[in-house]
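[1] sequence and predicted structure below; questions after.
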Amino acid sequence: MFIIIIANLLLAVANILDVVLSVYMWIVIIAALISWVNPDPYNPIVRFLYAVTEPVLRPIRRLLGFRIGIDFSPMVVILAILFVKYFLIRSLIELAYKLKGGSLI
């Protein structure tokens with residue numbers, strides 16, 4: 001009985017993490033697209049996007065630099081999110097199903 005509770009907890013955590021990462025990935029995409037059009041920095045939506053994405057993008061920008069003038073940090077963040085979704089979340093789901101004694105097929 002306790003194993004089933006742990007398995008359901010893992011499934012819930014994996015599903016919530018999947019949704020949160022998907023939403024954040026779209027926020028990064030929208031912020032990158034908006035940055036192409038020189039947005040009003042006082043717009044509340046622009047300020048929100050900047051406040052949510054900049055803490056993650058800034059260290060990656062420092063690491064990559066702007067050698068060719070193109071900001072690849074959103075692409076790096078999106079690839080990292082996809083890696084976590086396809087590796088960590090799938091692993092958590094598979095572990096939960098194995099704990100339950102079921103199969104994925």
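    Right, received. Where do you want to start?
[2] K85 and S22: what is the separation?
    Separation of K85 from S22 (C-beta to C-beta, to the nearest Å): 8 Å. No exception for glycine: its C-beta is placed from N, CA and C like everyone else's.
[3] avg pLDDT for the helix or strand encompassing V84?
    Using DSSP states H and E, V84 maps to helix 73-84. In this model, helix 73-84 has a mean pLDDT of 96.
[4] which helices and strands does that helix pack with?
    Under the contact criterion of 3 or more C-beta pairs under 8 Å, 6 or more residues apart in numbering; DSSP states H and E, helix 73-84 touches helix 2-35, helix 44-64.
[5] which one of K85 and S22 is surrounded by more residues?
    More crowded of K85 and S22, by other C-beta atoms under 10 Å: K85, with 16 against 12.
[6] which residue comes closest to the more buried one once chain neighbours are left out?
    L21 (5.6 Å; C-beta to C-beta, 6 or more residues apart in numbering).
[7] looks like the one you found contacts F83 (just checking).
    No - if you go by C-beta atoms under 8 Å, L21 and F83 don't touch, sitting 10.2 Å apart.
[8] residue contacts, the most centrally placed residue in the chain?
    Nearest to the mean C-alpha position of the chain, by C-alpha atoms, centre = their mean, lies L21 at 3.3 Å. L21 is in contact with 81, 84-85, 89, counting by C-beta atoms under 8 Å, 6 or more residues apart in numbering.
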